[in-house]
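# sharing a model prediction with you, sequence too.
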Amino acid sequence: LPPKILVSACLLGRPVRYDGSAKTLTSALLDHWQNEGRIIPACPEQMAGFSTPRPAAEIADHFSGDDVLAGRARVHDVTGEDVTADFITGAQQALALAQSHDCRFALLIDGSPSCGSLMVYDGSFTGHKHTGMGVTTALFRQNGIAVFAPAEIHDLHERLCRFPLR
Ligand code: SF4
């Protein structure tokens, strides 16, 4: 069977982002994988029980998702509420889904406090990003799932081509 890929639901056109929008990725590769039945959609924040729309959230104080999992950092929404536990719950739910489908790969939207893989916002809610990853990405990577950003979709394609079919 070809390996499955867990994909951020908002990349697939589902309006699940904090502001009620989608961030649809138009890509022949993605269409091809969908036609092959390889795509598992997931939104960790929806899985955590957040409603949509919801207040924007950021990992505080320039930290990254791995710091959140290690208990060194918190996630706050723009109203100041601590939503750390919910972000960890969403990551765990998404991991359980990925593992139930034997996903070895994920394509997640960048910049999100859940799904970011190259950059995240710095916690100041001023639009500044820094190198880092979201909480779901960190948990996926800790569990051997390779996470790619949309800008890296061709790298993901190459990895899939090299992946041994079973
Ligand atoms: Fe998209 Fe991930 Fe945010 Fe859900 S948690 S809206 S899938 S970026």
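Yep, that arrived. Numbering: from 1, shown residues only.
# what's near enough to touch the nearest residue to L108 once chain neighbours are set aside?
Spatially, and ignoring its direct neighbours in sequence, L108 is nearest to C115 (3.7 Å; CB to CB, 6 or more residues apart in numbering). Heads up, the C-betas are built off the backbone N, CA and C, glycines and all. C115 makes contacts with 8, 44, 108-109, 134, 136-137, as judged by CB atoms under 8 Å, 6 or more residues apart in numbering.
# what about the residues you listed, which are in strands?
S8 (DSSP state E).
# which one of the contacts of C115 has the most neighbours?
For those, counting by other CB atoms under 10 Å, the largest number of neighbours falls to T136: 36 neighbours.
# a markdown table for the contacts of C115, including distance to H157 and pLDDT?
Compiled in a markdown table, the contacts of C115 are given as follows (distance: CB to CB, whole Å; pLDDT from 0 to 100):
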| residue | distance to H157 | pLDDT |
| --- | --- | --- |
| S8 | 17 | 98 |
| P44 | 24 | 98 |
| L108 | 16 | 98 |
| I109 | 18 | 98 |
| G134 | 22 | 98 |
| T136 | 22 | 99 |
| T137 | 19 | 99 |
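# nice, that's everything, thank you.
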